[in-house]
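Enquirer: my questions concern the predicted model and sequence given below.
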Amino acid sequence: MHDHALEDAIKPSLTGHISKGIALCRQGLVREVKIAFDIASVAMSQDSTNIHFIHLIKAIALINANQCKEAMLLIQELAAIYPNTNTLTRRVVEAYLHVELRTKALGDVHHDDATDHFTATVN
């Protein structure tokens, strides 16, 4: 089965670049994922709410590409730059990150780390 998501996603549009970033994430091409989302954010340079949302999607893609530390840094920077924009959405992405970190810690049998991440998710 051939994955047509990447070919379908390569369109010179905001949606095309976001789709491309998601498709590249599935292929593990982290550097290319970052570029696709950076281009998408440039396309939305006049609207800070949309830029914030695009970066949250980028954070999810980074989490799925096992780049959790970079995703956490991005989420923290977004909170500092846009403290009142999409707060609930940002907190949901942050909770997702903590759940992923907890799951990874449980898989690696680091129960103390898993407990810390679970506590951070709840708080």
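Expert: Yep, it's here. Numbers count the residues shown, from 1 in each chain.
Enquirer: contacts for stretch 83-93, please.
Expert: Outside stretch 83-93, the residues that touch it by Cβ atoms under 8 Å, 6 or more residues apart in numbering are Ser48, Thr49, His52, Phe53, Leu56, Ala59, Ile60, Ile75, Leu78, Ala79. The way it works is simple: take the backbone N, C-alpha and C, and place the C-beta from them, glycine included.
Enquirer: contacts only, for the last one.
Expert: Residues in contact with Ala79 (Cβ under 8 Å, 6+ apart) are Arg90.
Enquirer: give me the neighbour count for the residue nearest to Gly28 when sequence neighbours are not counted.
Expert: In space, and not counting its chain neighbours, Gly28 is closest to Ala65: 6.3 Å by Cβ to Cβ, 6 or more residues apart in numbering. Residues lying near Ala65 (other Cβ atoms under 10 Å) number 19.
Enquirer: got a PyMOL select line for the buried ones in the contacts of stretch 83-93?
Expert: Buried residues within these, by 16 or more other Cβ atoms under 10 Å, are selected in PyMOL with:
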select buried, resi 52+53+56+59+60+75+78
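Enquirer: got phi/psi on the residue nearest to Gly28?
Expert: Dihedral pair for Ala65: phi -90, psi 10, per degrees, to the nearest 10.
Enquirer: pretty sure it contacts Cys25?
Expert: Yes - using Cβ atoms under 8 Å, Ala65 is in contact with Cys25, at 5.1 Å.
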